[in-house]
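A.B. asks: Structure for this input, please:
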Amino acid sequence: MSQILMNSCRGRGLPELAADLGGVTVCSDPTAARALLGRCPAADVTPLVPLDALAAALGIARLDAKDERGRMGLGSFKALGAAHAIAKLAAASSGPGDDLSKALEGETFVCASAGNHGLSVAAGARLFGAKAVIYLSETVPDEFAGRLREKGADVVRAGADYAASMTAAMAAAEREGWRLLSDSSWPGYIEPAHDVMEGYLVMAAEAGEQLEQPPSHIFLQAGVGGLAAACAVFSRKIWGDAPKICVVEPEFAPALKASIEAGKSVVAPGPVSAMGRLDCKESSILALDALARDAEAFMTVTEDEAAAAVTMLDQHGMSSSPSGAAGLAGLVVALGDKAGRAALDLNADSRVLLYISEGAIDD
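C.D. replies: Numbering: from 1, shown residues only. As a prediction, this is how the structure comes out:
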């Protein structure tokens with residue numbers, strides 16, 4: 001059953017996380033990330049698509065979708081993250097006018113991935129002369145393994161789920177002296193994830209420039225929470241408290257919602273979700289810190305609700321996956337929930353912003 005939790009931490013966050021974060025917070029200024037990523041090939045702006053017919057069908061005034069399906073030719077918003085973190089390292093290790101294409105020769109980046117983060121690591125590493133090793137669990141489709149190899153990455157299968165592949169990647173980094181580049185954060189591992197999330201600010205900045213007026217509501221899908229946190233922090237920077245921000249997670253992986261309920265970072269175990277890119281049982285503490293402060297609500301959607309949102313998007317010309325469509329699933333569920341609709345002040349005048357975070361793939 002879908003659930004909507006209004007955020008009792010709104011405005012103050014979770015002070016319990018401060019010691020683990022060591023003063024690091026999610027960046028809100030996209031200027032440096034835009035400059036760095038602008039030096040990468042295919043760093044084009046992605047479109048903001050007005051879904052007028054769907055808005056009318058849902059009974060709201062406006063619905064805009066930031067379309068990340070073609071981002072940098074990699075098919076997902078995550079193209080922005082690891083590529084930015086690697087570009088930042090390359091720039092820091094080079095002088096003015098240096099050829100960045102060889103800046104990281106001899107380096108190897110390693111990560112665990114459900115697919116899209118790995119593609120960004122592989123592409124970023126190759127751009128700056130480094131190698132990439134990507135650990136995949138047994139549940140990740142062979143299609144992704146093939147795409148990673150096409151980008152020059154070595155692919156290692158390890159474990160039955162993402163957590164197991166992450167453990168294997170961490171062990172390999174320690175054993176081989178490689179750079180672990182995760183899109184999540186935990187005590188003792190903060191800065192790399194910060195740099196990844198700084199890259200995600202680019203799409204939020206583009207959306208802010210493309211919208212004719214501020215949205216009244218933003219529905220943000222979340223796995224470890226990187227996309228949601230970056231977009232929420234930037235939205236607060238440019239629009240203040242005006243938009244109501246709702247974070248959407250799979251019913252089978254409510255790591256952020258469970259952490260808000262517990263008042264601390266917790267693991268939320270559950271079955272495997274068809275929302276493969278969001279099927280994360282433990283959130284990034286850096287993302288949790290930002291979202292505990294900036295989001296109005298946290299909610300879950302079922303497998304069927306996410307599948308229905310995929311069908312809905314496809315009928316309106318935007319094919320995506322259950323993960324990519326989860327924000328829409330959250331909107332539909334909230335509109336159908338009398339108490340949730342009232343708490344979020346969703347009505348016929350609402351102007352909603354969504355992020356279609358990836359294209360149609362086999363989750």
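A.B. asks: Could you chop this structure up by domain?
C.D. replies: Following the assignment in automatic domain parsing, the chain carries domains at 3-76+200-356, 78-180.
A.B. asks: List the beta-bridge partners for Thr300.
C.D. replies: When bridges are called by DSSP bridges, Thr300 pairs up with Gln3, Glu249.
A.B. asks: right, and it touches Lys257 too?
C.D. replies: Yes: between Thr300 and Lys257 there is a contact at 6.3 Å, judged by CB atoms under 8 Å. Using the backbone N, CA and C atoms, a C-beta is placed for each residue, glycine as well.
A.B. asks: joint contacts of the two?
C.D. replies: By CB atoms under 8 Å, 6 or more residues apart in numbering, Thr300 and Lys257 have these common neighbours: Gln3, Glu249.
A.B. asks: Show me the shaky parts of the chain.
C.D. replies: Where the chain drops to pLDDT under 70, the residues are 1-2, 41, 96-97, 115, 361-363.
A.B. asks: how about the strands of the stretch 1-150 of the chain, start to end?
C.D. replies: Using DSSP state E, counting those that start in this stretch, the strands of the stretch 1-150 of the chain run over 3-6, 48-50, 62-67, 108-112, 131-136.
A.B. asks: packing partners for the host helix or strand of Asp304?
C.D. replies: Assigning secondary structure by DSSP states H and E places Asp304 in helix 303-315. When contacts are defined as 3 or more CB pairs under 8 Å, 6 or more residues apart in numbering; DSSP states H and E, helix 303-315 packs onto helix 326-336.
A.B. asks: Next, the angle from the helix it packs on to helix 303-315.
C.D. replies: 110 degrees (axes from the mean of the first three to the mean of the last three CA atoms, to 10 degrees).
A.B. asks: buried stuff in helix 326-336?
C.D. replies: Within helix 326-336, the residues that qualify as buried are Ala326, Gly327, Leu328, Ala329, Gly330, Leu331, Val332, Val333, Ala334, Leu335, counting by 16 or more other CB atoms under 10 Å.
A.B. asks: Relative to Ala307, which of those residues is nearest.
C.D. replies: Ala329 (8.5 Å; CB to CB).
A.B. asks: how about the helix holding Asp304: buried residues?
C.D. replies: For helix 303-315, by 16+ other CB under 10 Å, it's Glu303, Glu305, Ala306, Ala307, Ala308, Ala309, Val310, Met312, Leu313.
A.B. asks: Using CSV, list the CA coordinates for it.
C.D. replies: Only the C-alpha atoms of helix 303-315 are listed here, as CSV (Å, rounded to 0.1, in the frame of the first residue of the first chain):
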residue,chain,number,x,y,z
GLU,A,303,5.4,-2.0,-8.3
ASP,A,304,2.0,-1.8,-10.0
GLU,A,305,1.8,2.0,-9.6
ALA,A,306,5.2,2.4,-11.1
ALA,A,307,4.3,0.2,-14.0
ALA,A,308,1.1,2.2,-14.6
ALA,A,309,3.1,5.4,-14.7
VAL,A,310,5.4,3.8,-17.4
THR,A,311,2.3,3.1,-19.5
MET,A,312,1.0,6.6,-18.9
LEU,A,313,4.2,8.2,-20.0
ASP,A,314,4.4,5.9,-23.1
GLN,A,315,0.9,7.0,-24.1
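A.B. asks: I'm done for today, thanks for sticking with me.
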